[in-house]
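Visitor: Sharing a model that was predicted from the sequence below.
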Amino acid sequence: MKPINHVAGTAIPFGAKNVDTDVIIPAHWLKTITREGLGKGAFEAIRAEEGNIFDTERNKGAPILIAGDNFGCGSSREHAAWALLDMGITCVIAPSFSDIFSGNAFKNGILTVVLPQEAIDRLLVVAVDQPIDVDLESQTVTTPFQDRFSFEIDPFRKHCLLGGLDEVGLTLSRDAAIKQHEAKIAADLPFLATASAA
């Protein structure tokens, strides 16, 4: 997982409420055995419309998505997070998220930022032609017009995202402590080491 400290640039001013995971990535894309290529199927029904917001020259490859209430509701498919990442989105800003989607996003290195509706409304206006800046370290979202919105984030999630630590990475970061514990067990309870070797 790539560390996230600062996400800046074009933000897609989507704003739709109650966008479920079937809208983010339709069910027929779930047959794949790889995460790669899912970006093509992301928001497929919306992108089928000519002039849709996702495929404008300005918004292609944008790292930030601004959405409405209850983003990611519906099924628990992790493919939704994979599809967003494959599109290039590493931060989603919304008034609220489905708990399961938020957890899947976090585990895959996507920062979910919760801001009040008034802040979202302002960002939707600014993002039409200006960049948005999200700083995880200071927990702020800013615009070129001096707008500054603070957001809360669980300290553990912040630590993991800043360090690029998924569950495997988090375990590996404790390698020295694990080895120390194993050495202590082998010294204190050698019969366990002998039994496991047999």
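Guide: Now that the structure is in, tell me what you want to look at.
Visitor: Am I right that residue 12 is in a strand?
Guide: Yes. Inclusion of residue 12 in a strand is indicated when DSSP: H, G, I helix; E, B strand; the rest coil is applied.
Visitor: Return the set of residues that bridge with it.
Guide: Bridge pairing for residue 12 (DSSP bridges) gives the partners residue 65.
Visitor: That one against residue 55, yeah?
Guide: No. In this structure, residue 12 sits apart from residue 55 without contact. The criterion is CB atoms under 8 Å, and the distance is 10.2 Å. Heads up, the C-betas are built off the backbone N, CA and C, glycines and all.
Visitor: more crowded one of the two?
Guide: More neighbours sit around residue 12 than around the other of residue 12 and residue 55, counting by other CB atoms under 10 Å; the figures are 24 against 13.
Visitor: which residues does the more buried one contact?
Guide: 53-54, 59, 62, 64-66, 89, 127 (CB atoms under 8 Å, 6 or more residues apart in numbering).
Visitor: Same list, those residues, but as a markdown table with neighbour count and pLDDT please.
Guide: Below are the contacts of residue 12 laid out as a markdown table (neighbours: other CB atoms under 10 Å; pLDDT from 0 to 100):
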| residue | neighbour count | pLDDT |
| --- | --- | --- |
| 53 | 18 | 96 |
| 54 | 17 | 97 |
| 59 | 19 | 96 |
| 62 | 24 | 98 |
| 64 | 27 | 98 |
| 65 | 28 | 98 |
| 66 | 27 | 98 |
| 89 | 23 | 98 |
| 127 | 24 | 98 |
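Visitor: ok, of the residues you listed, which one's closest to residue 115?
Guide: Taking CB to CB as the measure, residue 115 lies nearest residue 66 of those, at 9.2 Å.
Visitor: list the contacts for that closest one?
Guide: Under the criterion of CB under 8 Å, 6+ apart, the neighbours of residue 66 are 11-15, 92-94, 120, 123-124, 127, 132.
Visitor: If you rank these by neighbours, which is first?
Guide: Comparing these on neighbour count, residue 11 comes out first with 29 neighbours (neighbours: other CB under 10 Å).
Visitor: Tell me if I'm right that it and residue 62 touch.
Guide: Yes. Under the contact definition of CB under 8 Å, residue 11 touches residue 62, with a separation of 6.2 Å.
Visitor: Do a quick rundown of the helices in this protein.
Guide: Taking DSSP state H, the helices of the chain run over residues 21-24, 44-47, 79-87, 99-107, 117-126, 155-163, 167-172, 175-188, 190-197.
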